[in-house]
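*Asks:* below is the sequence, then the predicted model.
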Amino acid sequence: MQTRRIGDTEVSAIGLGAMPMSIEGRPDEARSIAAVHAALDAGVTLIDTADAYHLHADEVGHNESLVAKALSGHARGGDVLVATKGGHLRPGDGRWTLDGSPEHLRAACEASLSRLGVEAIGLYQFHRPDPRVPYADSVGAVRDLLDAGKIRMAGISNANPEQIRLANEILGGRLVSVQNQFSPEFRSSEPELELCDELGIAFLPWSPLGGISRAGGLGTTHAAFARVAGAHGVSPQQVCLAWMLAKSPVVIPIPGSSRPETARDSAAAADLVLDPAELAELDAAH
């Protein structure tokens, strides 16, 4: 599998989004662990999680604990960069709330460290801006965690270009990743992708296949992806991920998966090469 870089760390060009293993419709634990192991067997070395990926109010960090358990049971688990996030909350009734206060981020990081069983988190990202807290204060808390050695690298998520520039300034040029929504259906993060390309910051598209409810029908809703997939004898989902990889060397998609077969299929996209005409067709498809 081809590789890319987040900061000074080399990772697989396709990551694994572990969120579907812990929210609505979650599979049993054995299948989730099998999906993580399938991804690792296919060469994946980046797994995305967050403390807010859980279902019930009393199980904050469910996904982090699940990822840690899966990695501890695989020979290559120690080679994986785990990216987690703080600042988003899920009370357990289906709502999502925010807390970007420095106090919360410090406490959330400590809890994530414990669940992941590590001395320092590989990549810690501020999950989503909190309108009640100055953005500089939230990112400043992440900077302090970086300076204290609690995290090895710092990133942000759901950010606009102005916030990307501000975060990089506050972090002293040490911002290594931006995790924004981006897919064939949702392309409004193109400016952020282009800025990351300019600055050499990894851009991690979340829900790159359109999200849990839409990923399976990507080839139906976007016929161009199905046509190109047919020409290569692969899935439309693989084509989608390969299309994203071709946009910039800073792009590292993190498709969600909870089944071994989809984890393997997504990983295979790293080696799919599309020609310029196909890429132009996919760029024009909406």
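*Replies:* Looks like it arrived, so ask away.
*Asks:* lowest average confidence, helix or strand, in the protein?
*Replies:* helix 218-221 (a mean of 89; mean pLDDT, DSSP states H and E).
*Asks:* restrict the following helix or strand past that one to CA atoms and write it as CSV.
*Replies:* Tracing the chain past helix 218-221, the next element assigned as helix or strand by DSSP states H and E is helix 223-232. Only the C-alpha atoms of helix 223-232 are listed here, as CSV (Å, rounded to 0.1, in the frame of the first residue of the first chain):
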residue,chain,number,x,y,z
ALA,A,223,-23.3,7.1,-11.8
ALA,A,224,-19.8,8.3,-12.9
PHE,A,225,-18.2,6.5,-10.0
ALA,A,226,-20.1,3.3,-11.0
ARG,A,227,-19.0,3.6,-14.6
VAL,A,228,-15.3,4.1,-13.7
ALA,A,229,-15.6,1.2,-11.2
GLY,A,230,-17.0,-1.1,-13.9
ALA,A,231,-14.1,-0.2,-16.2
HIS,A,232,-11.6,-1.3,-13.5
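*Asks:* counting by contacts, list what the helix or strand just after helix 223-232 packs against.
*Replies:* Following helix 223-232 in sequence order, the next helix or strand is helix 236-247 (DSSP H and E). Judged by 3 or more C-beta pairs under 8 Å, 6 or more residues apart in numbering; DSSP states H and E, the packing partners of helix 236-247 are helix 218-221, helix 223-232, helix 260-268, helix 276-284. For glycine as for every other residue, the C-beta is placed from the backbone atoms N, C-alpha and C.
*Asks:* who touches the closest residue to residue 163 other than its chain neighbours in this structure?
*Replies:* Distance criterion C-beta to C-beta, 6 or more residues apart in numbering; nearest residue to residue 163, sequence neighbours excluded, is residue 135 at 5.9 Å. By C-beta atoms under 8 Å, 6 or more residues apart in numbering, the residues touching residue 135 are 100, 129, 163, 166-167.
*Asks:* tell me where the protein has strands.
*Replies:* For the chain, the strands defined by DSSP state E cover 3-6, 9-12, 16-17, 46-48, 81-86, 88-89, 97-98, 123-126, 154-157, 175-179, 202-203.
*Asks:* so which of those strands comes closest to residue 261?
*Replies:* When the strands of the chain are compared by C-beta to C-beta, strand 16-17 sits nearest residue 261, at 13.3 Å.
*Asks:* give me the contact list for that closest one.
*Replies:* Strand 16-17 is touched from outside by 35-36, 39, 44, 46-48, 206-207, 254-257, 263, 266, with contacts defined as C-beta under 8 Å, 6+ apart.
*Asks:* can you give me how far it is from the chain middle?
*Replies:* Taking C-alpha atoms, centre = their mean, to the nearest Å, one finds the center of strand 16-17 at 6 Å from the center of the full chain.
*Asks:* so for that strand, mean pLDDT?
*Replies:* Strand 16-17 shows a mean pLDDT of 98.
*Asks:* and stretch 226-243, by the same measure?
*Replies:* Throughout stretch 226-243, pLDDT has a mean value of 97.
*Asks:* okay, how far is it across that stretch, tip to tip?
*Replies:* Start-to-end span of stretch 226-243 (C-alpha to C-alpha, to the nearest Å) is 13 Å.
*Asks:* list the buried ones in it?
*Replies:* By neighbour count on 16 or more other C-beta atoms under 10 Å, the buried set for stretch 226-243 is 226-229, 234-243.
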